[in-house]
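[1] Sequence and predicted model, in that order:
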Amino acid sequence: MAEISITSEYFCKFDSAARDVLTNAGHTVIDNPYGHQFLSSEEIIPHCKTADAFICDLEKINQTVIDSAPNLKIISRRGVGVDSVDVEYAAKKNITVARTLGVVEPPVSELVLGYILAFSRNIDKHSHEMHNGKWSKIESHSVNEKTLGIVGMGKIGYEVAKRAYSFGMNIVYSDMYQNERCENDFQAKKLTFDELLAKADFVTVHTPLTEETKGLFGYETLCKMKRGAFLINTARGAVVEEGGLYKAVTEEKIAGAAIDVFDVEPKENSILNALPEVILTPHIGTFTKEIFIKMDLLAAQNIVEYFKGTV
């Protein structure tokens, strides 16, 4: 049977059931040699020379890594984005790239709503005051009837809209394609990108990282937003230009931002660290125990199904 190389940092971090799925199907599992640690391309290469399959996270599966594994037939990615995988080169070599679709949408959308509530109700600020012995009510705002602008109305965008709509928010979105389901379910309105920026109280980004979206939210774009608006990015770090965001926040062009993803990860020295108006989290959009276990199982099942000949 097949040899499965685990290049993933998180595979089976919380539960070993997904590993059992592979071994029970007769496959050999070669674990990440460094445990639950992010691997560089140089660290992956000696680990995968005889691999028939990879299970990966956001580590770079580039042309050099792919060429180092001549038996490679499938790359099973824990997540939905594939910008860390050289998909075009994999396709040239007839290597399948699978993803864990239908799993990550709920936790990412939960996090987006968490940011919105944190900004609106000043939960952290109130708690900080109370812990310092101060009974101080800070001006806060309702999210009801506020406008949420969703840039990229895919599956995650839809789940964000569903949750925001239940809070009484008005939904507008910008996308290449019309999403009639979202319009029917949540009375969402499709706007141009610039129209959305001018109208939304919160702008949340759910686009893939492409040449077109890289640096999409630079200083000039951010200045088109309402001065009291907040930007939320749980998509890919490079979609938002950090320098432009820093300038826009310090000049009070926008009220603040929540950033969960960065152009380089891990990133502990972002220029945004100095801004209290910006919530920073270390790429935790899907980081819940329950979802990680589901992603593990689906990533393993994608490989099992492939070698059964059904993928």
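    Received the coordinates, thanks.

[2] Pull out the buried positions in the longest helix anywhere in the chain.
    Identified as the longest helix of the chain according to DSSP state H is helix 289-308. Buried residues in helix 289-308, counted by 16 or more other C-beta atoms under 10 Å: 291-304, 306-307. Backbone N, C-alpha and C define where each C-beta goes, glycine included.

[3] for stretch 10-24, how far is the first residue from the last?
    20 Å (C-alpha to C-alpha, to the nearest Å).

[4] ok, and what's touching that stretch?
    4, 6, 29, 32, 36, 55, 57, 78, 289, 292-293, 296-297, 299-301, 303-304 (C-beta atoms under 8 Å, 6 or more residues apart in numbering).

[5] Who are the packing partners of the longest helix of the chain?
    helix 17-24, strand 53-56, strand 74-77, strand 96-99 (3 or more C-beta pairs under 8 Å, 6 or more residues apart in numbering; DSSP states H and E).

[6] what about it, distance to the chain center?
    18 Å (C-alpha atoms, centre = their mean, to the nearest Å).

[7] for stretch 48-64, same thing?
    The answer for stretch 48-64 is 20 Å, by C-alpha atoms, centre = their mean.

[8] Buried residues, it. List them.
    48, 51-61.

[9] and that stretch, how far apart are its ends?
    With C-alpha to C-alpha, one end of stretch 48-64 sits 12 Å from the other.

[10] Leaving out chain neighbours, which residue sits closest to V304?
    Nearest non-adjacent residue to V304, counting by C-beta to C-beta, 6 or more residues apart in numbering: A25, 4.7 Å away.

[11] what's the answer for I271, then?
    Y246 (5.1 Å).

[12] try E277
    Per C-beta to C-beta, 6+ apart, closest to E277 is G256, 3.6 Å.

[13] What's the separation between that neighbour and G285?
    Relative to G285, G256 is positioned 19 Å away (C-beta to C-beta, to the nearest Å).

[14] Same question for G168.
    Following C-beta to C-beta, the distance that separates G168 from G285 is 24 Å.

[15] So between those two, which is more surrounded?
    Taking other C-beta atoms under 10 Å, G168 and G285 do not tie; G285 has more neighbours (21 against 11).

[16] can you confirm the more buried one is in a strand?
    No. Read with DSSP: H, G, I helix; E, B strand; the rest coil, G285 is coil and lies in no strand.

[17] That one is in contact with L111, isn't it?
    Yes. Between G285 and L111 there is a contact under C-beta atoms under 8 Å: 5.4 Å.

[18] Quick check: neighbours shared by these two?
    234, 260.

[19] quick one on the thing from earlier: surely the residue nearest to I271 is in contact with L272?
    Yes. The criterion here is C-beta under 8 Å, and Y246 meets it with L272 at 6.1 Å.

[20] helices or strands next to the helix or strand hosting the residue nearest to I271 in the packing?
    Per DSSP states H and E: Y246 is located in helix 242-250. Where contact means 3+ C-beta pairs under 8 Å, 6+ apart, helix 242-250 is packed against helix 219-222, strand 256-259.

[21] Show me what the mean pLDDT comes to for it.
    Helix 242-250 shows an average pLDDT of 98 in the prediction.

[22] Now it: buried residues?
    242, 244-249.

[23] related to what we said a few turns ago, what number of neighbouring residues does the residue nearest to E277 come out with?
    Per other C-beta under 10 Å, the neighbour tally for G256 reads 21.

[24] Can you give me the neighbour number for A258?
    Look at A258: counted by other C-beta under 10 Å, it has 22 neighbours.

[25] Check whether it really touches V249, as I assumed.
    No. Assessed by C-beta under 8 Å, A258 is found out of contact with V249, at 11.6 Å.

[26] shared neighbours of the two, anything?
    V278.

[27] list the buried ones in stretch 132-149?
    143, 146-149.

[28] Show the end-to-end separation of it, please.
    36 Å.

[29] before we move on, what about stretch 187-197?
    18 Å.

[30] Now tell me what touches that stretch from outside.
    Here stretch 187-197 has contacts from 149-151, 153, 161, 165, 170-175, 178-179, 182-183, 199, 203, 221, 224-225, using C-beta under 8 Å, 6+ apart.

[31] same thing but 10 Å
    For stretch 187-197, contacts defined as C-beta atoms under 10 Å, 6 or more residues apart in numbering pick out 147-151, 153, 157-158, 161, 164-165, 170-175, 177-183, 198-200, 203, 216-217, 221-226, 229, 231, 254.

[32] what mean pLDDT does that stretch have?
    So the average pLDDT for stretch 187-197 ends up being 98.

[33] again with stretch 222-234
    Stretch 222-234 comes out at a mean pLDDT of 98.

[34] Put the alpha carbons of that stretch into PDB.
    In PDB, the C-alpha atoms belonging to stretch 222-234 read as follows (Å, rounded to 0.1, in the frame of the first residue of the first chain):
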ATOM      1  CA  LEU A 222      -8.500  51.700   3.000                       C
ATOM      2  CA  CYS A 223      -9.100  55.400   2.600                       C
ATOM      3  CA  LYS A 224     -12.200  54.600   0.700                       C
ATOM      4  CA  MET A 225     -13.700  53.000   3.800                       C
ATOM      5  CA  LYS A 226     -15.900  54.900   6.300                       C
ATOM      6  CA  ARG A 227     -13.800  56.600   8.900                       C
ATOM      7  CA  GLY A 228     -15.600  54.700  11.700                       C
ATOM      8  CA  ALA A 229     -15.300  51.300   9.900                       C
ATOM      9  CA  PHE A 230     -13.200  48.300  10.800                       C
ATOM     10  CA  LEU A 231     -11.300  45.900   8.500                       C
ATOM     11  CA  ILE A 232     -11.300  42.100   9.300                       C
ATOM     12  CA  ASN A 233      -8.900  39.800   7.500                       C
ATOM     13  CA  THR A 234      -9.100  36.000   8.100                       C
END
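
[35] Many thanks, we can stop here.
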